[in-house]
Every structure is written in C-alpha cells, then in structure tokens.
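1. build me a structure from this.
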Amino acid sequence: MSEHRLSARVGAAPDPALPAEQAGVTLWRTASVDDIDAIHGVLAAADRVDHPTWTTPREEVAETFELSHVDHARDTLIAFDDAGEALAVGTVTLYPARDERLHVHLSGAVRPEHRGRGIGTALFAWQHERARQQLVEAATGDAASALPAEIQIYAAEKDAALARIAEGHGYRTERWFSTMHRDLTQPIPELAAVAGIELVRYSADRAEDARLARNDAFRDHWGSLPSQPERWQQFIGGSFLRSELCTLALDDGRIVAFCLASVNEEDFAVLGPNAYIDLVGVVRSHRGRGLAPRVIASSLAAMRDAGLGVAVLDVDTESPTGANSLYGALGFTAYEKDRVLVRRY
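-> Here you go, the predicted model:
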C-alpha cells in the first residue's frame, strides 16, 4: 500500500529553494501583510495587459491575509528590483476541504515590462515545489494520504508562455473557460413564472442557505469543491456583492436556484458600468424546470434598472448543464478564454 500513499506519489518535498539571481531581480522573499500594496500593484499591472476589461481589487488581495488556511510567509513569493519595486508575485493556496481530494491553486503574475527574462519560469518552479510540499504536509493520516491530489493554474488563452512553463512541469490543459459579455441595453426576456417558485432578492439572513445551495448545485461541476464557511462569508459579506442584483428562487422557502452578482467600480474605466455574475446554479432536485434562465433574467433586469450597461460572467465551455447554450440564448457572447492546466498525483 505504501506506493499508493500521496507522499510516495508526490516524492520528496523539502522547503523550496529561493530562485537564483536573475537580471533585474535583486531580492526574492516571501510575503507579509505589509506587502498587500506591492502584490496588488503587480497584479493590477498584469491585468491591464492580460485581461484589460477587469482588474483585481486590492480588497481581494487583503482578504487572503485573513484566511486561516493561507500562510503568506510560506505560500507567497515576491521578486523585487534594486529600487524596491515588486516585479512578480506568486501564491500557492491549498484548499481547506479534505473530503474528496487535495487541491492546490497557483496564482500570480509578472509585470509585463519584465517578462521574457526568466522571472516567471523561476517563480513557477518555486510555486510548484511549494505546492508539492503542501500536499505532502496535508496528507497526514491514512485517509488523507489515500486521496487523489491536484495542482491547478489558470492561463489566459494568449499567455502561451505560462502554458509552456506549466507543461514543462507536467501540467496538462484539462478545461477551457470562456468569459462572456451581455449588452444590457438589448431587450431582456420576460419569462413566465414557474408554478410554486418565488423569485426574491438575496438578503444577508440567507447566507448559509445560499452556501448550501451553491454546494449542492456545483457538486457535479468539473473542478468544483465545497465552498467553506470562512471564504464564503468573505464573498457574501464583502463590499462587492450587490444584493439588489442577486436573485434567489425559493420553493417553500428553500433556495433551489440562484444568480449572485457583484460590482467592482474599478472596472468601469475600461468596460463601462458593469456587473459580474459570480455564481449561477440550480440544486439537483430542481433541474430541468427552467429556473436558471429565470433567475438570470431577473438579475439582468435589475442590473439594467440600476443603470449598468454590461453583464459579465465566466463559463466552463464543457459544462454538463449546457450553460454555454443557456447564456447564448440570453444574449451573452464569448469575449476571451482561459485554459486550466492541471498536474495530478
């Protein structure tokens, strides 16, 4: 049985060594809470090139320092030049759920003007080794050590360099996600009510019910893991979620479908007033009743009435629920794509 244990599958995983010196980089070090602005600066600079219609909010970076399962002193690496400017950042996040599999997500960026110098290659190598170490550390006890494990990273379709770097470490593209836009000045369908179903706006007292509905709805979606209370509360109680744009479908008071949306006004400069649809789902017991288009149409109408001009969402291009066709029928069109590269153990 020892050969099936995760430690045997992953192999030796000591503390990852800091990258060697490179042109333009005078210091590599891990992060502290004092680095929030430096990290955000790198990500925002990369956003303007990699996906210019949206930007990473500073609040999103700050929130990661509040999560109990993230230790930036071990999980985030930053490259600095001799003037003290951050040139690159990479974070390695082990998902807290341990029920089905161990999952590590890699994220980060290199400032566009410093790409092509090997900084990203060195950063990814460190991230990969830290991810392997996280898996070995998490695989304590017989149950955890027998779980399948994966490391995952998203790469924009046009970011061929990142894809090549990841492939060099044994990662393979397993899925594509498409970003879709919907012009809210175009007519929004008015769909007939479904018998026994009430559509209401989201309210804070339904936070836990919404989390449970989300977990049920996404249980059979590729790559999805149960949303944990800590991170869910950050999302649902954060400054970006707009309850007046969110729609819940209730059956005898129970949430059976949902469309949750947020607004980041920093994106208005490039895309105009817009809302992002974070989550759309229908619990499995209520699929096939037309609830998804109804909660989405209700939220689209609320966005239009709030003076917003565009709705944005991301969708798995191979979704088993037929989400691509659903969104297309509601007026969404594909804008750009990201690949998901995965290394499995």
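
2. CA atoms for contacts and neighbours, from now on please.
-> Noted.

3. show residues contacting the worst-scoring helix or strand of the chain on mean pLDDT.
-> Within the chain, no helix or strand scores below helix 142-145, which has a mean of 80 by mean pLDDT, DSSP states H and E. By Cα atoms under 8 Å, 6 or more residues apart in numbering, the list of residues contacting helix 142-145 from outside reads 5-7, 98, 138-139.

4. make a markdown table out of these and add secondary structure, pLDDT and distance to residue 124.
-> Below are the contacts of helix 142-145 laid out as a markdown table (DSSP: H, G, I helix; E, B strand; the rest coil; pLDDT from 0 to 100; distance: Cα to Cα, whole Å):
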| residue | secondary structure | pLDDT | distance to residue 124 |
| --- | --- | --- | --- |
| 5 | coil | 87 | 25 |
| 6 | helix | 90 | 22 |
| 7 | helix | 88 | 21 |
| 98 | coil | 83 | 25 |
| 138 | helix | 92 | 21 |
| 139 | coil | 88 | 23 |
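
5. most neighbours of all those residues, which one?
-> Counting neighbours by other Cα atoms under 10 Å, the top entry in the contacts of helix 142-145 is residue 6, with 24 neighbours.

6. identify the residues contacting it.
-> 135-136, 139, 145-149, 345.

7. and the least confident helix or strand of the chain, how far out from the chain middle?
-> Distance of helix 142-145 from its chain centroid, counting by Cα atoms, centre = their mean, to the nearest Å, is 27 Å.

8. one step back: return the member of the contacts of helix 142-145 nearest to residue 299.
-> Nearest to residue 299 among the contacts of helix 142-145, counting by Cα to Cα, is residue 98 at 33.9 Å.

9. just to revisit the earlier point, from the contacts of residue 6, pick the one nearest residue 259.
-> Distance to residue 259 across those (Cα to Cα) is lowest for residue 149, with 30.5 Å.

10. what's the neighbour count on that closest one?
-> For residue 149, the count of nearby residues is 22 (other Cα under 10 Å).

11. and the gap between it and residue 204?
-> Distance, residue 149 to residue 204, by Cα to Cα, to the nearest Å: 35 Å.

12. hmm, back to that, could you flag which of the contacts of residue 6 are buried?
-> Buried subset of the contacts of residue 6 (neighbour count, 16 or more other Cα atoms under 10 Å): 135-136, 139, 145-149, 345.

13. can you list those in JSON lines and add distance to residue 272?
-> What follows is these, written out as JSON lines (distance: Cα to Cα, whole Å):
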{"residue": "135", "distance to residue 272": "42"}
{"residue": "136", "distance to residue 272": "45"}
{"residue": "139", "distance to residue 272": "46"}
{"residue": "145", "distance to residue 272": "48"}
{"residue": "146", "distance to residue 272": "49"}
{"residue": "147", "distance to residue 272": "45"}
{"residue": "148", "distance to residue 272": "43"}
{"residue": "149", "distance to residue 272": "41"}
{"residue": "345", "distance to residue 272": "43"}
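
14. closest one to residue 170 out of these, please.
-> Using Cα to Cα, residue 345 comes nearest to residue 170 of the buried ones among the contacts of residue 6, at 10.7 Å.

15. so what's the closest one closest to, chain neighbours aside?
-> Leaving out its chain neighbours, the residue that sits closest to residue 345 by Cα to Cα, 6 or more residues apart in numbering is residue 149, at 5.1 Å.

16. just to check, the one you found is in contact with residue 101?
-> Yes. Between residue 149 and residue 101 there is a contact under Cα atoms under 8 Å: 5.5 Å.

17. what about stretch 202-221, how long is it end to end?
-> End-to-end for stretch 202-221, by Cα to Cα: 23 Å.

18. so which bits of it are buried?
-> In stretch 202-221, counting by 16+ other Cα under 10 Å, buried: 202, 207, 210-218.

19. just the helices in the protein please.
-> Under the criterion DSSP state H, the chain contains helices at 6-10, 36-50, 58-64, 72-75, 119-138, 142-145, 160-168, 207-217, 229-236, 268-271, 291-305, 323-329.
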